[in-house]
Each structure stands twice: as C-alpha cells, then as structure tokens.
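J.: model the structure of this input:
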Amino acid sequence: MTLAALPARRVYDVLTYMRKALVVLLILAAAVSAQVVMKQEAGKIDITIDGKPFTAFYAGGEAPKPYLHPLNTAEGDRITRLFPMEKVDGETKDHPHHRGLWYTHGDVNGVDFWMNEKGPQKGRHGIIDLEKISKAQGGKKSGTIVSSFIWKTPEGESLLRENRTMVFYSDPKLRTIDFDVTFTALADSVKFGDTKEGFFAIRLRDELIQRKGGTLINAAGAKGMKEVWGKPSPWNDYYGTLNGKTVGVAIFDHPTNPKHPTYWHSRDYGLFAANALGEHDFFNDKTKDGSITIKKGEKLRFRYRVVIHPGTAEEAGVAKLFDEYAKKVK
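T.: Presented below is the predicted three-dimensional model:
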C-alpha cells in the first residue's frame, strides 16, 4: 500500500515516525563517527577512531617489546613501514628492530633493549615482558590504555618496571596520542647508558622519508637530517607526500622531561626518534656522558605526544600545537 492510499491522519503518523527515526539514526551515526573504540584480544588491542582503523597495540605476544602498528592518518593512509611485522615486495627491510612505534633503549645496565629482535646477535639483548593491561577503555572523545611491563636481562633478572598510559584522541583532521611512561628501578642500580640507540621512536614508510623527498624539520626551522640529527629541540616533524597528499607526523617532548629539550635520532631513511641519552654520539665527544642512573625504588618519568597531521609542519600549525600541549599537560 502506498502513502497516497492511506488516510490523511495515518500519512501524518507515518511521516512523523519516519522523521523521528531519521533523527535517531543521525544521532547514532554521529556518536559512532566521533569516538575512540578499543577491541582487546590476546596480545593485541585494536584502536578505531571516528569509525576508521587507526592502529593496534601489540603487547604480550611474540615480539620482544610492545609496539603500535600501523599508524594511520585521519583519512586512513598508513604512515609507518610494514616490515618486520609484514613483508611487502619493494619495501626496505633494514633495521628489523624498527617496529612501527616503540619505546626502548640500547643500553640499560649494559643490556640492549633497542636491537633486541630474536635470533643470533652480538651482545646481551633484553626482553620487555607484559606484566598486565590494567585498562583498555574507549570513549566519545578519547580512549585510554594503561599497561605495565618488566624490562628483563637475558638471564631473567628484572631491571625496570615500566608503567605506561597512552591516550588516543578523536579529531576530524588529526590523530593524536599522549604517552606518559614512568620507569621504576627494580635492581639495586639501573643506568640508562649514553647511546644514540633509543629512545621513543617511529619508523616511517618509505614514501615519506627524506631520501624520497620528505622533510625533517625542528622547532628552530632547521631542515634535513644534517641540521636536525643530534640537535636539541622541543619537537621534530617529518612530512612528505603520500598518495598525492602531504602528510606528516610530529613528536613533542614535554617540558618536564629529563634534559628537555631532547636530542633527536632522526634519520633520512625514516627513523624518527626522541633521545635525551645519546650525548657522546650526538656531540661526537666521548668525554660527554648523557646517562641517567636511578637506584632501587626510584622513578624516572617521560612524556611525549605524537600528532599525525595533513600538510607540512607549518600548514598544520605544529608549533602552536606544541605550545598547547606544553601548557595543558602539567
């Protein structure tokens, strides 16, 4: 039966019901599109933002450290390299320890947690074991993962407890993650040694790297690896062209971090890392010592923000975004 065949009152009722149903659907659609959703399974938490896959947090699986993989823009374009998690023809396969976004260091009491992939390697390589996931909760504007890890020597000695909070934000154009990590010494003395091999890092996909036309830039406006690598700066940005669009990612070093503004282990082949602990490498001076030592029970806290954005650093207003972050997070 068509609406024309119904009595006028019945037509009015049907149209009113349809209008109300449409309003409900629009409200539900808005709620679904503007939110952060967490889906947890063994060894993995998938994070969806505004209805689109953003990243997954891998912890407690086969890898020797926790990591985020892949990282996507708000439009759904992947900015991180797939290797070593996935093998794709034509993609670079250097540095197999570069897993998406990760947080490790190359010298903790002489143990290497940076280049610690499984397999035959020189030196002593540590493992970062998942202790627990305390929280994996989504929300309308943000979602939060709270987790803890134990940094262990090859012999199984516990050196550090890492308590990590990650907050993922909903936004029409940006993808933002806040990291708040506190290390507690479990051994009598724990030394974060002076080495460039660390600390808070992202490995970008090949299309975005400086060798392919991408741009590294710091807060002073210096560009390129030679001007950025090893230099102190409150933030660095790395942008390039992907699928015909300019996209970039910034890392912010919070003003309360040890030795802020941090140094940068940022390379033209796509490594992008904040590292306050590599002074004798960055200055090419073996007399310098950028190490930090904490005694049993003492704590060391680092905070960073990652912002994935459209356009160049200038077009995205990265300097202003950093100022907002520095003022907001005390």
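
J.: and the strands in the stretch 101-250 of the chain, which stretches?
T.: 101-105, 127-137, 142-152, 158-169, 175-185, 189-192, 198-203, 215-218, 235-242, 245-253 (DSSP state E, counting those that start in this stretch).

J.: can you redo the ones you listed as TSV with mean neighbour count, mean pLDDT and distance to residue 114?
T.: For the C-beta atoms, the positions are set from N, CA and C on the backbone; glycine is no exception. Output for the strands of the stretch 101-250 of the chain, formatted as TSV (neighbours: other CB atoms under 10 Å; pLDDT from 0 to 100; distance: least, CB to CB, whole Å):
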stretch	mean neighbour count	mean pLDDT	distance to residue 114
strand 101-105	24	98	5
strand 127-137	15	97	11
strand 142-152	20	98	12
strand 158-169	19	98	14
strand 175-185	20	98	15
strand 189-192	18	98	11
strand 198-203	25	98	6
strand 215-218	22	98	20
strand 235-242	24	98	19
strand 245-253	24	98	17
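
J.: ok, the residue lying closest to residue 137 once chain neighbours are set aside to residue 168 distance?
T.: Nearest residue to residue 137 in three dimensions, chain neighbours excluded: residue 144, at 5.6 Å (CB to CB, 6 or more residues apart in numbering). Per CB to CB, to the nearest Å, residue 144 is found 8 Å from residue 168.

J.: what do you get for residue 127?
T.: In terms of CB to CB, residue 127 sits 26 Å off from residue 168.

J.: still on that earlier bit, take the strands of the stretch 101-250 of the chain and write them to CSV, including distance to residue 289.
T.: Compiled in CSV, those are given as follows (distance: least, CB to CB, whole Å):
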stretch, distance to residue 289
strand 101-105, 15
strand 127-137, 25
strand 142-152, 21
strand 158-169, 20
strand 175-185, 19
strand 189-192, 10
strand 198-203, 15
strand 215-218, 24
strand 235-242, 24
strand 245-253, 20
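
J.: nearest to residue 40, out of those?
T.: With CB to CB as the criterion, residue 40 lies closest to strand 127-137 of the strands of the stretch 101-250 of the chain, at 4.9 Å.

J.: which residues sit against the closest one?
T.: For strand 127-137, the external contacting residues (CB atoms under 8 Å, 6 or more residues apart in numbering) are 38, 40, 45, 59-60, 64-66, 104, 113, 116, 143-152, 154, 161-162.

J.: my guess is residue 93 meets residue 86, correct?
T.: No. Look at residue 93 against residue 86 with CB atoms under 8 Å: they stay out of range, at 11.0 Å.

J.: who touches both of those two?
T.: Counting by CB under 8 Å, 6+ apart, nothing touches both residue 93 and residue 86.

J.: related to what we said a few turns ago, which one of the strands of the stretch 101-250 of the chain lies nearest to residue 310?
T.: strand 245-253 (5.8 Å).

J.: so in that sheet, which strands flank that closest one, and in what orientation?
T.: Sheet pairing for strand 245-253, assigned by DSSP bridges, gives strand 235-242 (antiparallel), strand 299-310 (antiparallel).

J.: excluding sequence neighbours, find me the nearest residue to residue 300.
T.: Nearest to residue 300 is residue 183, by CB to CB, 6+ apart, at 4.6 Å.

J.: wait, residue 35
T.: In space, residue 35 is closest to residue 140, 5.0 Å off (CB to CB, 6+ apart).

J.: tell me how far that neighbour lies from residue 321.
T.: 21 Å.

J.: quick check on these two: which one has the bigger neighbour count.
T.: Taking other CB atoms under 10 Å, residue 140 and residue 321 do not tie; residue 321 has more neighbours (20 against 10).

J.: tell me which element the more buried one falls in.
T.: Per DSSP states H and E, residue 321 falls inside helix 318-328.

J.: now the angle from that helix to strand 235-242?
T.: Here the directions of helix 318-328 and strand 235-242 differ by 140 degrees (axes from the mean of the first three to the mean of the last three CA atoms, to 10 degrees).
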